Structures are given as structure tokens and as C-alpha cells.
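1. Structure, please.
(2 chains)
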Amino acid sequence: DAGITQSPRHKVTETGTPVTLRCHQTENHRYMYWYRQDPGHGLRLIHYSYGVKDTDKGEVSDGYSVSRSKTEDFLLTLESATSSQTSVYFCAISPGQTERGQYFGPGTRLTVL
Amino acid sequence: QKEVEQNSGPLSVPEGAIASLNCTYSDRGSQSFFWYRQYSGKSPELIMFIYSNGDKEDGRFTAQLNKASQYVSLLIRDSQPSDSATYLCAVNTGGGNKLTFGTGTQLKVEL
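-> Model (predicted):
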């Protein structure tokens, strides 16, 4: 397995509360990504990072922010969680060479009540 | 919007048969294509990568690419019950090694 961990693995929270999910890698890969996966929608990119302090928006970035202060850590924050953000969140990493693709962490199941 | 389309299935095949999974994509500029396998409750796992027209074989898996028809397929020979999973097609969509995923095809291999 690629050295990727996500924390927490499960979280239940209430509408309006802030939530931060953490992705940690030990591979020293340049690129990191946050996805959400929902039935009928597949994997959708939220934000990605191409280096420390370098981030950009993905397809479904509204309501989410990210930070990357160290190569190994990529944080996803829901400033004020809503029920529509109930989902499974995956972090992925990539060394950048196209043929290597992306490697996924174990996921975080988030429920917003 | 760049799209990747897959039939959601389920695709049911008997053990030992060939499973054929298909994917179409809309962006003619796409250069690289991936197949991921995802077991229920688990994260996606990269199983194949292809960028040249034609076939690429790896064990029981063969990826096929036809850029003129914007079509990618995955063949699984001698299907086993352990191959039962959802298979995701992904297309490289530009900078940052970003991928656009299809919604996946559920494969069921029956005894």
C-alpha cells in the first residue's frame, strides 16, 4: 500500500460545525488531491495541491477549503458543515509522472446530521 | 465539461468467463487512461494504465484503447469471484496529473 493515511476514518457531526480532515503521506509525492464519492456521482475532485502552499480548486470546491503547509500533510476543512456534505472523502497522491496515476488513502466517512 | 461515461451495471458473468468493461470519454485531447478497482467499502486501487492505441496486457487484465472512437475497455480473462468489484475508468484531464472518473461499472462474478 502507498503510504497514505487519513484521519479520522469516521466522523459524525452536526450542521454548522467546522470539520477538518487530514491526509498524511510518507511517499514525498508532489501532488495531493481530495475527492468525495457519492452514489450516482462517482469520484469528484474537490481541491488539489501541486506543492507546499500551492493549491487549486476542483470540480466541487464550494464549501471546502484546503491547506498544505508541509509536503506530507494536506488538510480539508468544511467551514460550516451541511447535510449535503455527508459523503466518503478520499485523499490521493501522485508523484506527477502521468503513467503512475494516483494512489488513494483509505477514506473518511463523514456524516453531517 | 469533460465527461467519462460507464455503464453502471451490474455486469454479471460466470466464473471462468471473460468480463468486458467499457468506457467512453468526451475530451479528444485526453492522453492517458486508467482503470481502478474498488471493493465495497474500500478505496480505489490502480490496476491498469494505457496511453497508446491498441492493447496492453497485464496478467488476466487487458486494457484496450481506441482514441479515434474515444473508447477504452478492460477485459478480465478467467474471471474469479474475487474480481467482483466496481471498476472505475479514469482519464487524465490536464495539468496537475488530474483525473476525471466515470461513475464505475459493478462487476459480479458468479459461481
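2. Now the terminal residues of stretch A:101-113, how far apart.
-> In stretch A:101-113, first residue to last residue: 35 Å (C-alpha to C-alpha, to the nearest Å).
3. Check the burial of A:H24 by counting its neighbours.
-> 17 (other C-beta atoms under 10 Å in any protein chain shown). In this view, the C-beta of every residue, glycine as well, is placed from N, C-alpha and C.
4. could you list every residue that touches it?
-> Counting by C-beta atoms under 8 Å, 6 or more residues apart in numbering or on different chains, A:H24 makes contact with A:4-7, A:72-73.
5. Go again with 7 Å.
-> A:5, A:72-73 (C-beta atoms under 7 Å, 6 or more residues apart in numbering or on different chains).
6. Excluding chain neighbours, what is closest to it?
-> A:T5 (4.9 Å; C-beta to C-beta, 6 or more residues apart in numbering or on different chains).
7. Looks to me like the one you found is in a strand.
-> Yes. Using DSSP: H, G, I helix; E, B strand; the rest coil, the assignment for A:T5 is a strand.
8. So it sits against A:G105, correct?
-> Yes. If you go by C-beta atoms under 7 Å, A:T5 and A:G105 touch, sitting 6.4 Å apart.
9. Would you tell me which residues of chain B are close to chain A?
-> B:32, B:34, B:43-44, B:46, B:49, B:88, B:92, B:96-99, B:101-104 (C-beta under 7 Å from any C-beta of the partner chain).
10. which of those residues lies closest to B:T24?
-> The closest of the residues of chain B next to chain A to B:T24 turns out to be B:G102 (C-beta to C-beta; 8.7 Å).
11. what number of residues lie near the closest one?
-> Residues lying near B:G102 (other C-beta under 10 Å) number 25.
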